[in-house]
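Novice: what follows is a predicted structure for the sequence shown.
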Amino acid sequence: ICCRNVTGGKQRILQIMYKIIQVRIDRFMKKKEKMYMKAKKIRAVLVAAAMTACAVPAQGAAADEPKVPKYIFLFIGDGMSYPQVQTTNYYLNAIEDDGDNILTSESKLNMMKFPVAGSAQTYDSTSFCPDSASTATSISTGHKTYSGTINMDEKMETSYETIAEKLKKQLGYKVGILSSVNLNHATPAAFYAHQPSRNNYYEIGQELIASDFDYFAGGGLKKTTGPDKDKTDLYQLAEEAGYKVIKTQEEAQALNAEDGKAIVIDETLADSDAMSYDMDLEEGEWGLSDYVEKGIEVLNNDTGFFMMVEGGKIDWACHANDAAATITDTVAMDEAVGKAVEFYNEHPDETLILVTGDHETGGLTIGFAGTDYDTFLANIIAGGDQSVFSFQLYHTHATGAYFIDAFEITKTRNLNTNGSGSFHNCGILFY
């Protein structure tokens with residue numbers, strides 16, 4: 001380090017100091033480089049070891065042969081995330097409480113007992129609060145897109161092939177698509193259709209027929225003769241394409257694999273031609289789990305199958321701030337999961353079951369300052385063969401959240417709500 005106004009012996013001293021500092025800096029940098037190279041080698045060894053561990057084949061499998069599931073179940077709870085699952089599980093624990101004033105909770109749901117769990121934040125190319133079309137596109141294809149778009153890019157020029165289409169085309173798997181809402185609604189459509197708008201119900205229905213998938217079951221098709229009611233009925237087109245269209249429970253019960261491709265519409269359709277909320281089903285009426293059980297029967301084969309099952313009315317219940325229906329339809333989807341678990345127990349080495357949500361709806365939570373954080377789960381009254389709760393929901397317009405004050409699960413769904421409407425939130429649940 002030299003200063004211009006320093007001369008003579010002082011300048012010489014500063015020059016020597018500069019050299020000493022420079023030597024020390026050089027030594028430090030060389031030492032740092034050696035440490036870096038050593039760390040780099042260690043990291044490379046660890047990565048190689050991890051890759052080797054991941055590459056170890058399953059017992060009995062060839063070293064170069066990946067383990068591919070033969071039977072695949074994908075369950076999507078529309079609008080279902082941690083709040084819906086946790087609240088439902090708390091409810092199931094509450095109705096079994098022994099009244100000893102000591103709160104306990106166990107995992108009552110099938111989906112909560114899986115050996116692997118994870119979570120993800122959800123968003124799409126439009127918003128951090130995405131809709132069912134874009135999120136289902138992400139699940140079925142791995143691509144992001146705009147809200148309201150089904151399996152197309154943001155320019156609406158490129159179509160994405162879905163996992164169901166790949167399995168059908170490349171591996172010859174049979175494919176089943178089930179939903180408690182309309183079969184040409186956003187989530188089920190995302191496994192066979194490619195449309196710039198989820199509202200193109202007639203065109204989506206045409207793609208449903210063209211998919212050549214083996215088993216559709218659940219709610220009815222929307223806009224079967226087009227938006228202007230001037231098109232050929234979709235059910236007629238389906239029959240002309242070789243589908244057996246079934247609209248009664250008796251016919252559904254009689255359906256078997258030898259009948260070929262089938263579109264099974266629930267006999268007792270409710271709002272917007274969707275299936276009834278599970279809590280509104282009459283004795284003996286089929287719910288989502290019954291259609292899953294029938295689907296297993298007709299899809300089961302030696303090659304393999306893929307079945308997507310949507311608990312669509314969880315989302316509808318959350319939009320309506322209907323906490324009772326939210327809980328009971330979450331239970332209904334979990335019972336459908338139970339049918340897949342039964343199949344898994346018979347084929348444990350060949351079956352994969354995935355349970356997830358596409359986004360959260362409504363901002364559901366239990367307890368808040370206005371109730372002194374009491375969830376009122378202790379307010380249980382025995383009511384015949386079912387436990388009866390009373391629900392009070394508090395809705396905040398600022399956040400869109402609603403809060404459960406107390407429970408009543410009955411046919412009438414006696415709900416007091418302050419405000420209306422809800423929203424899609426981010427954050428989904430994987431099991």
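Specialist: On my side now, so go ahead.

Novice: and the strands in the stretch 301-431 of the chain, which stretches?
Specialist: Counting by DSSP state E, counting those that start in this stretch, the stretch 301-431 of the chain has strands at residues 305-311, 351-357, 360-361, 364-366, 381-383, 386-388, 391-395, 402-407, 415-418, 424-425, 428-430.

Novice: doesn't Gly218 lie inside a strand?
Specialist: Yes. Applying DSSP: H, G, I helix; E, B strand; the rest coil, one finds Gly218 inside a strand.

Novice: that one against Tyr291, yeah?
Specialist: Yes. Here Gly218 reaches Tyr291: they are 6.2 Å apart, a contact under CB atoms under 8 Å. For glycine as for every other residue, the C-beta is placed from the backbone atoms N, C-alpha and C.

Novice: now do the shared contacts for those two.
Specialist: 178, 264, 266 (CB atoms under 8 Å, 6 or more residues apart in numbering).

Novice: Throw those residues into a markdown table and include distance to Thr375, neighbour count and pLDDT, thanks.
Specialist: Below are those laid out as a markdown table (distance: CB to CB, whole Å; neighbours: other CB atoms under 10 Å; pLDDT from 0 to 100):
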| residue | distance to Thr375 | neighbour count | pLDDT |
| --- | --- | --- | --- |
| Leu178 | 33 | 25 | 98 |
| Val264 | 39 | 25 | 98 |
| Asp266 | 34 | 26 | 98 |
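
Novice: any chance of those in TSV, plus distance to Trp286?
Specialist: Putting those into TSV (distance: CB to CB, whole Å) gives the following:
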residue	distance to Trp286
Leu178	12
Val264	9
Asp266	7
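
Novice: rebuild those as JSON lines, extending it with secondary structure and distance to Ala164.
Specialist: Formatted as JSON lines, the shared contacts of Gly218 and Tyr291 follow (DSSP: H, G, I helix; E, B strand; the rest coil; distance: CB to CB, whole Å):
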{"residue": "Leu178", "secondary structure": "strand", "distance to Ala164": "12"}
{"residue": "Val264", "secondary structure": "strand", "distance to Ala164": "17"}
{"residue": "Asp266", "secondary structure": "coil", "distance to Ala164": "21"}
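
Novice: quick check, nearest of those to Glu310?
Specialist: Leu178 (6.8 Å; CB to CB).

Novice: out of the shared contacts of Gly218 and Tyr291, which comes closest to Gly172?
Specialist: Distances from Gly172 to these, taken by CB to CB, are shortest for Leu178, at 20.5 Å.

Novice: check contacts around the closest one.
Specialist: Counting by CB under 8 Å, 6+ apart, Leu178 has contacts 188, 215-218, 288, 291-292, 295, 307-310.
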